[in-house]
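Trainee: For reference, the sequence and a predicted model appear below.
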2 protein chains.
Amino acid sequence: MTLSIARPVPLKQIQITDDFWSEYIRLVREVVVPYQWEALNDRIEGAEPSHAMKNFKIAAGLESGEFYGMVFQDSDVSKWLEAVSYLLETSKDPALEQLTDEVIDIIARAQQKDGYLNTYFTLKEPENRWTNLAECHELYCAGHFIEAAVAYYKSTGKSKVLDVACRLADCIDQVFGAGPDQLNGYDGHQEIELALVKLYNVTQNERYLRLSQFFLDERGKEPSFYEMEYHRRNGKVHFPALDIVHDRAYSQAHKPIRDQDTAEGHAVRAVYMCTGMADVAAETGDAELLDACRRLWRNIVSKRMYITGAIGSMEYGEAFSLDYDLPNDTAYAETCASIGLIFFAQRMLQIEARSEYADVMEQALYNTVISGMSRDGKRFFYVNPLEVWPDAIGKNHTVNHVKAERQGWFGCACCPPNIARLLASLGHYVYNIQGRTIYANLYIGNQATVDMEGQQVKIEQESQFPWEGHVRFHIDVEQETEFTLALRIPKWCREAKLMVQNESVSLSDVCENGYAYIQRKWQPNDHVELDLSMPVHRMTGHPQVRETIGKVALQRGPLVYCMEEADNGPNLHQVLLQRQPDYQIQFEPEVLGGLKTITAPANRLETSEWGDQLYMASAESHLKEVVAKFIPYYAWANRGRGEMSVWVKEK
Amino acid sequence: MTLSIARPVPLKQIQITDDFWSEYIRLVREVVVPYQWEALNDRIEGAEPSHAMKNFKIAAGLESGEFYGMVFQDSDVSKWLEAVSYLLETSKDPALEQLTDEVIDIIARAQQKDGYLNTYFTLKEPENRWTNLAECHELYCAGHFIEAAVAYYKSTGKSKVLDVACRLADCIDQVFGAGPDQLNGYDGHQEIELALVKLYNVTQNERYLRLSQFFLDERGKEPSFYEMEYHRRNGKVHFPALDIVHDRAYSQAHKPIRDQDTAEGHAVRAVYMCTGMADVAAETGDAELLDACRRLWRNIVSKRMYITGAIGSMEYGEAFSLDYDLPNDTAYAETCASIGLIFFAQRMLQIEARSEYADVMEQALYNTVISGMSRDGKRFFYVNPLEVWPDAIGKNHTVNHVKAERQGWFGCACCPPNIARLLASLGHYVYNIQGRTIYANLYIGNQATVDMEGQQVKIEQESQFPWEGHVRFHIDVEQETEFTLALRIPKWCREAKLMVQNESVSLSDVCENGYAYIQRKWQPNDHVELDLSMPVHRMTGHPQVRETIGKVALQRGPLVYCMEEADNGPNLHQVLLQRQPDYQIQFEPEVLGGLKTITAPANRLETSEWGDQLYMASAESHLKEVVAKFIPYYAWANRGRGEMSVWVKEK
């Protein structure tokens, strides 16, 4: 039984016209993707070489040399290819398309006769294919290539890349399975699972869906596949610093996935796995699998997620730690993990229209994801902590993974291309279409055309998000058409007003699971207005979260705010917010591309009375009156090195 | 120029009669030292073998086998020997003395013809002596042996062990020095420096003092000795997980010691070095060196020390981090480091009678040092954090070095024997004698006999410390004798009363640098009473300390208090103390050997309203009235695994 899955609007049919997001997409198109292309070809001065394109050329027999880079270096090319595919689907670019065709030609030549495609093993250890799934990312790389191939095929209709992907998938399908001569294993980094479902969707070849399901169901079985292959290869280890073979929770292989109740291990792996689980559950109607998705979702969002939509509380293993353990300064909070969380949220939203999935999508997108990229599109954060004391970096090793400033292309370059492919495909996240219902999940200005069972519905959304909560939909149909427009009422909004054709609609009458359903016979040139109030919210954390007690975070609309040293001076921990301050909101067009800042009266602890004393008895704190200034979290670290804090103490 | 150095009363002349400390010393004598002897001989079931005595026996030709253990394994025997020496000096024990003589015979046989003494190199790498000072602890082991030898000689008057020590020191003096055929280097772990001054004190051989000074002054010079010897041995590394050769601050070799302003690197090394620096400054009158000691002291106590007298803010390198960085949960706070800090404080106090040195000595002693040992003397803490969440250990790797319960003998067994030798020599820390002044530094009940330039002065001190602040001195002289009794007025005491022969003395008239000087012609059977008020103090941390803002710690007398899960339930972070609570102090004889607990009205954050929500807007905290109970920090973790917190939030 297939569930009734809501589908996004194809990128061809949606143009992002949003003031806020258009600039990001322009950056991806004009800066990030070209820059990444230079990086993939080792032409960025001063940056660590990627060698990723060179590896493919050598494997293709076009150049000579040796493999260089991480075992998963290929995936950088695939993520670039995927991002480019979305850009091309959104708007034509013949030169870019020609370049991409050339890349695909190289990749096709690098593919082996049996369909195998991986430059590390082809060039470096051809005899060791499929001997170290736990560590060596073969299926992960395959997955990223398949995702890219599906995207390029959908974008251009050109089947060459899809053929390469199918031959690769067929090769994998031969090697892996329950048969006597097959490997009954799974990859150390989930990715192939969700990719195979994409390939199934575009080819309708059920073998790919079954193979995805196989990989999911093998994970965590006893005896451990990792240990078996480890013994078969005589204990050879690829990443000696980790213990991937035995630390099975690191890659969520500690128990069968259907028995997992908590999100464990490497955060990116966990949410990629959940995405694949939701994909398979959606296609097969597997209720048990869907239940596991819901449990893992619930665990993440109610116990293991930062207010910025970030996940992964610790650097060791880039991993989840335990319920309610959300340290602000030692967090890992990887950009890629929040992107993966958005994938998971999107899939759950396709299965069940509950606004909470879109809420989290929005939370991760407007905060952690775009925090991951500088305002010029050239520098990136892997790690997105909620509190940074730059002086401590390099001095106290618990924060040595944190950077106080965004970095150029990285040795392990997973985050920048992941940001690029997400932003280039942003149109996929705005609407879902299910039968005769159009779900508006995100309030991002756009013009879209939806095929409503043969009828063309044109939707124009105007939004000043994230700065203002007024959203206007202009619905244009050629003739009267009955369908439902379902608008998400964000959780952060306490006062929403809905007007359909200038007539007020009572939200309580039409809301279900966080969506306001407007079912009507739409006429040409109809319009709907949604007013979402955006006061500053004083957010508090669950009392089980040790790191947020006695503190608040300011949030306005989807944006979480933070204090920076650039506005407030150093020692942000000495700022105490008043309990009921009068917040001033101001649009500052000259700050970081224009943004709304929040100021509030506050106090600052004085140190002058302390002299050399480190501890004092019955000392009364001396306070100075100050004005605390907050900027959106995403914009931090664009004005030089300094302290930052999301959570602020209250007086 | 030798400074006028105050000297402690020899252990022979002081008997600790204190209710509180006698029990600890009994534990050392009856449990710790015998247990350690069993451990050194690998007779503790289930514990990692030490092999330390066996190594000596093999090196002595008495047994066959191979070296086993850490490169510094020998030092465990020396620390045991030193503790035993103090016990024997305090009270005779012929069986123990005979056993010790046998140990010394073995050690003497293990000494090489040229005086060299180190079982690791003798048995395992005889050709590599003195080739890896940075990592291999040869001089560190020598230092501990010399300390033990001096202690045993002073205790028993037997010179055999001192001869071994002198021959070892002579061997070192030949190898190291500025001469053309000598190594101009220094050890990776400071210890030899302070040991050589002890040897100089007992032998009056100035070569040992000069050698100590040489080691101190070589440290941190350019070019780096560590790098030179590293290249000479072709880059061979003993501890690959560390980078001792290049991470020069780890062993305080980043700059010449006279230029150092901040305490950096491995905390134990740092304070052992400071102790040696103070020793040499005291003996030589080197003002520049003394200034460096004062600067490092000031940096530690005013910027890098926990309220418990613990030092070392991070696990990486067991090291100092940066000014005001004092995380409570990820602290290293090693027991040995606080013992080293006591050594440093003691030496500074011998040079200048400023109560702050004794204050810190007391602070470290009553809190971190005895926290390091369980109430049965069988289990020990290396790491003494100020906040523990046991569930996080093993889940969030930033706290994986923390143990929620004391452990048995360790693989690297530095702390237990260090506690033993400190407690066995506790009498050394009570008084200092300088000319005709007797300084009372610690209020620990005792009976002492002081030689006042030929006159015997008997002092009996009665104290109920740390529970009550009343201290009574009974001074007995055979005939009228003029001298000064100087009593420390602890920094934690705001209201002290002094009575000499039942007559009140105005403290402001007689106090200088924290000591009250009572200069008089003492008569037989004189007495002095000191009343130190001990209310509960609500301690706050300097506003630069991020981890203590908005929190208080309770202190009463020298004792820092903490909350434990055993008394307050889990989630201690949800307890908010009232600002001006009415503290109840109660002696509970049945709790952990009898101690005073503090209770105070408090509030506890409720979680029932939160359901599945992790963050809420404008949530008002729901509070429950509770009574918070505090026990002295030293007594924590004696009632099973549970949370602990020193710093508590205020409402």
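Mentor: Structure received.
Trainee: From now on I want contacts and neighbour counts done on CA atoms only, so please keep to that.
Mentor: Noted.
Trainee: Residue A:271 is in contact with residue A:344, isn't it?
Mentor: Yes: with contact defined as C-alpha atoms under 8 Å, residue A:271 reaches residue A:344; the gap is 6.3 Å.
Trainee: if I look at residue A:101, how far off is chain B?
Mentor: 46 Å (C-alpha to the nearest C-alpha, to the nearest Å).
Trainee: err, residue A:469, not the other one
Mentor: 17 Å.
Trainee: Do I have it right that that residue meets residue A:529?
Mentor: No: with contact defined as C-alpha under 8 Å, residue A:469 and residue A:529 do not form a contacting pair (10.4 Å).
Trainee: now the strands: where do they sit in the stretch 401-550 of chain A?
Mentor: For the stretch 401-550 of chain A, the strands defined by DSSP state E, counting those that start in this stretch cover A:431-434, A:437-440, A:446-452, A:455-463, A:470-477, A:481-488, A:496-500, A:503-505, A:511-512, A:515-522, A:526-532, A:536-541.
Trainee: do the last one and chain B meet at all?
Mentor: Yes: with C-alpha under 8 Å from any C-alpha of the partner chain as the threshold, strand A:536-541 lies in contact with chain B, specifically through A:537-541.
Trainee: From the contact counts, what lies against that strand?
Mentor: Strand A:536-541 is packed against strand A:551-556, strand B:615-617, with contacts defined by 3 or more C-alpha pairs under 8 Å, 6 or more residues apart in numbering or on different chains; DSSP states H and E.
Trainee: and the longest one, what's its mean pLDDT?
Mentor: Meaning strand A:551-556. Taken as a whole, strand A:551-556 has a mean pLDDT of 97.
Trainee: Send me the helix or strand following it as CSV with only the CA atoms.
Mentor: For strand A:551-556, the succeeding helix or strand toward the C-terminus, using DSSP states H and E, is strand A:559-564. Extracted in CSV, the C-alpha atoms of strand A:559-564 (Å, rounded to 0.1, in the frame of the first residue of the first chain):
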residue,chain,number,x,y,z
LEU,A,559,14.5,34.2,13.3
VAL,A,560,16.4,33.4,16.4
TYR,A,561,18.5,36.4,17.5
CYS,A,562,21.9,36.6,19.1
MET,A,563,24.2,39.2,20.7
GLU,A,564,27.5,39.9,19.1
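Trainee: Checking my notes, residue A:25 in a helix, right?
Mentor: Yes: assigned with DSSP: H, G, I helix; E, B strand; the rest coil, residue A:25 falls within a helix.
Trainee: in terms of contact, does it touch residue A:427 like I think?
Mentor: No: contact status for residue A:25 versus residue A:427: not in contact, 10.5 Å apart, counting by C-alpha under 8 Å.
Trainee: Pick out whichever of the two has more residues nearby.
Mentor: Neighbours were counted for residue A:25 and for residue A:427 using other C-alpha atoms under 10 Å in any protein chain shown; residue A:427 has more, 25 against 21.
Trainee: just to revisit the earlier point, kindly reformat the strands of the stretch 401-550 of chain A as CSV and extend each row with distance to residue B:422, mean neighbour count and mean pLDDT.
Mentor: Listed next are the strands of the stretch 401-550 of chain A as CSV, based on distance: least, C-alpha to C-alpha, whole Å; neighbours: other C-alpha atoms under 10 Å in any protein chain shown; pLDDT from 0 to 100:
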stretch, distance to residue B:422, mean neighbour count, mean pLDDT
strand A:431-434, 71, 22, 96
strand A:437-440, 71, 23, 98
strand A:446-452, 74, 20, 95
strand A:455-463, 71, 20, 96
strand A:470-477, 71, 20, 97
strand A:481-488, 68, 20, 97
strand A:496-500, 69, 17, 97
strand A:503-505, 79, 13, 97
strand A:511-512, 70, 16, 97
strand A:515-522, 69, 18, 97
strand A:526-532, 68, 19, 98
strand A:536-541, 45, 22, 96
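Trainee: residues contacting residue A:337?
Mentor: Counting by C-alpha atoms under 8 Å, 6 or more residues apart in numbering or on different chains, residue A:337 makes contact with A:267-268, A:271, A:310-312.
Trainee: Restrict those to the buried ones and give me that as a PyMOL selection.
Mentor: To isolate the buried ones among the contacts of residue A:337 in PyMOL, judged by 16 or more other C-alpha atoms under 10 Å in any protein chain shown, type:
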select buried, chain A and resi 267+268+271+310+311+312
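Trainee: tell me the two of the contacts of residue A:337 that are most distant?
Mentor: By the measure C-alpha to C-alpha, A:271 and A:310 form the most distant pair in those, at 11.8 Å.
Trainee: Test my guess that residue A:639 contacts residue A:565.
Mentor: No: if you go by C-alpha under 8 Å, residue A:639 and residue A:565 don't touch, sitting 9.4 Å apart.
Trainee: between those two, which one's more packed in?
Mentor: residue A:565 (20 against 14).
Trainee: what's the distance between residue A:608 and residue A:561?
Mentor: Remark: distance between residue A:608 and residue A:561 (C-alpha to C-alpha, to the nearest Å) = 30 Å.
Trainee: hang on, I meant residue A:406
Mentor: From residue A:406 to residue A:561 the distance is 18 Å (C-alpha to C-alpha).
Trainee: Identify the residues contacting residue A:392.
Mentor: Per C-alpha under 8 Å, 6+ apart, neighbours of residue A:392: A:399, B:321-322, B:325.
Trainee: Just the buried ones among these, please.
Mentor: Buried among the contacts of residue A:392 (16+ other C-alpha under 10 Å): A:399, B:321-322, B:325.
Trainee: could you redo these as TSV and give each row distance to residue A:620?
Mentor: What follows is the buried ones among the contacts of residue A:392, written out as TSV (distance: C-alpha to C-alpha, whole Å):
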residue	distance to residue A:620
A:399	31
B:321	28
B:322	26
B:325	22
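Trainee: from the residues you listed, which is closest to residue B:617?
Mentor: For those, the nearest to residue B:617 is residue A:399 (29.3 Å; C-alpha to C-alpha).
Trainee: Would you check that that closest one makes contact with residue A:332?
Mentor: No: the criterion here is C-alpha under 8 Å, and residue A:399 misses it with residue A:332 at 9.4 Å.
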